[in-house]
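Q: Here is a sequence with its predicted model. Questions after.
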Amino acid sequence: MKKTESGAFHFSSYQVMVVAILTFLQFTIILDFMILSPLGAILMPALKITPSQFGLVVSIYAFSAGISGLLAAGFADRFDRKKFLLFFYAGFLVGTFFCGIAPTFEFLLVARMVTGLFGGVIGSIIAAITTDLFPYEVRGRVMGFMQTAFAASQVLGLPIGLYVATHWGWHMPFLMIVAVSTIIGVVIWFALKPIDTHLALEKNETFTHHLKVTLTTPLYLQAFAAVTLMSTGGFMLMPFGSAFSVNNLHVPMDKLPMIYMFTGLCAIVTGPLVGRASDAFGKFNVFLFGAVFTSIMTFVYTTQEPAPLPWIMAINALLFFGIFSRMIPAQTLISAIPAPAVRGSFMAISSSVQQISGGVAAVIAGLIVAEGPAGEIQNFATIGWVVNAANLITLYLIYRIHRRMQKS
């Protein structure tokens with residue numbers, strides 16, 4: 001990367017290619033995680049499983065991903081990150097392939113566990129690679145662009161996956177992900193250069209010592225706490241979003257995809273803009289704006305009454321804009337915290353606590369809400385208050401991290 005005389009950074013063609021590869025890779029990981037929930041209506045009767053069994057299939061991914069993140073943290077900085085990425089991506093492909101041929105509930109449960117064990121670490125490796133290859137001054141722009149993978153999976157991946165499942169069975173979307181992911185894996189193998197500069201800093205510490213250092217550094221713990229609370233919002237609101245829209249806001253079922261597609265398209269546009277704003281106006285300043293805006297929109301969203309569809313679409317899009325305005329600058333700030341020698345370990349634990357806290361948040365949300373006599377979601381506003389409380393504490397933690405980094 002070159003810095004011009006005016007102070008602007010110019011991305012090399014290789015760096016542009018790396019961002020594109022990592023974004024497509026993240027797209028496959030997110031799609032694999034998200035595709036299962038919409039397939040429930042097809043999958044449950046096909047395998048003759050109960051809703052509780054299906055819930056276990058969905059949640060086993062998050063919990064196994066969290067466990068693998070903790071295990072990977074002890075040796076994440078001992079290998080070339082390219083080789084580390086390819087190893088876990090290969091395991092992710094195997095797990096997803098087994099999902100695509102699963103004949104029974106037990107087989108699918110084990111397959112999702114394997115997929116989570118490998119796929120759950122990949123996000124942390126991507127974050128470590130991004131931090132290794134891109135300076136802090138432009139990292140917000142890079143992470144903003146990479147966040148479009150989430151939106152793209154919602155706009156393109158889910159509708160295509162559901163269409164394929166409807167016409168060729170619920171197994172086919174997983175096999176489709178395997179096919180696309182294999183191509184990306186081959187591109188990574190041949191196009192990505194070794195990423196091993198951190199190995200010169202490695203002190204050959206034991207697994208337990210490396211893990212202990214990462215888990216006992218006070219600033220790291222503050223960052224993990226912030227990540228934990230930041231995950232609360234999405235995992236508490238999203239599982240009940242469709243039911244709330246249909247049963248409380250009276251959105252027709254056939255109009256529901258329009259909300260998700262519009263929200264995703266808006267996120268594709270706003271994600272990179274938020275990333276650029278983070279680099280231009282300061283990561284914490286943009287995070288502060290995002291935190292305040294998210295709190296307002298969370299209150300509006302969780303207390304919303306039935307309204308015209310365009311208004312509901314706008315509310316959803318604005319809520320996700322607020323979430324992105326928080327997530328992107330916070331991730332960029334946190335990426336600058338770990339020392340290069342423990343960066344992989346830090347990112348692995350961060351990903352782990354995000355996965356586990358997300359699973360716990362979904363469980364807590366399930367205990368708060370109740371189903372009314374007409375199917376409406378009750379106590380949804382209470383979830384909004386819990387999310388906003390977590391948002392306020394996160395703001396305080398990110399502020400402390402920001403001040404600490406300014407002094408260092």
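A: Perfect, I can see it now. Nothing here was measured: the structure is a model prediction, and the numbers come from that model.
Q: all helices for the stretch 251-400 of the chain, in order.
A: Taking DSSP state H, counting those that start in this stretch, the helices of the stretch 251-400 of the chain run over residues 256-281, 283-302, 309-335, 343-368, 380-407.
Q: What's the mean pLDDT across the first one?
A: By that I understand helix 256-281. The average of the pLDDT scores along helix 256-281 is 85.
Q: Report the distance from it to the chain centre.
A: Distance of helix 256-281 from the chain centroid (C-alpha atoms, centre = their mean, to the nearest Å) equals 15 Å.
Q: on contacts alone, who are the packing partners of that helix?
A: Applying 3 or more C-beta pairs under 8 Å, 6 or more residues apart in numbering; DSSP states H and E, we find helix 256-281 packed against helix 136-146, helix 148-152, helix 158-168, helix 283-302, helix 309-335. Heads up, the C-betas are built off the backbone N, CA and C, glycines and all.
Q: residues of the host helix or strand of Ala20 that come out buried?
A: Ala20 is part of helix 13-34 when elements are defined by DSSP states H and E. By 16 or more other C-beta atoms under 10 Å, the buried positions in helix 13-34 come out as 15, 18-19, 21-34.
Q: Tell me how many other residues crowd Ile188.
A: Around Ile188 there are 18 other residues, counting by other C-beta atoms under 10 Å.
Q: Report the contact partners of it.
A: The contact partners of Ile188, by C-beta atoms under 8 Å, 6 or more residues apart in numbering, come to Ile21, Leu25, Lys82, Leu85, Leu86, Tyr89.
Q: doesn't Val121 make contact with the last one?
A: No. Look at Tyr89 against Val121 with C-beta atoms under 8 Å: they stay out of range, at 9.7 Å.
Q: Which one's more surrounded, these two?
A: Each of Tyr89 and Val121 has its neighbours counted (other C-beta under 10 Å); Val121 has more, 30 against 24.
Q: quick check: angle from whichever strand or helix holds that one to helix 343-368?
A: Using DSSP H and E, Val121 sits in helix 105-133. Put simply, helix 105-133 runs at 130 degrees to helix 343-368, going by axes from the mean of the first three to the mean of the last three C-alpha atoms, to 10 degrees.
Q: ok, back up a step: is it possible to export the helices and strands packed on helix 256-281 to a markdown table including distance to Lys255 and mean neighbour count?
A: As requested, those are exported to a markdown table (distance: least, C-beta to C-beta, whole Å; neighbours: other C-beta atoms under 10 Å):
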| stretch | distance to Lys255 | mean neighbour count |
| --- | --- | --- |
| helix 136-146 | 30 | 23 |
| helix 148-152 | 19 | 23 |
| helix 158-168 | 14 | 16 |
| helix 283-302 | 17 | 20 |
| helix 309-335 | 6 | 22 |
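Q: So which of these is nearest Val180?
A: helix 158-168 (10.5 Å; C-beta to C-beta).
Q: what comes into contact with the closest one?
A: So helix 158-168 is in contact with Leu31, Met34, Ile35, Pro38, Leu39, Ile42, Met172, Pro173, Met176, Pro257, Tyr260, Met261, going by C-beta under 8 Å, 6+ apart.
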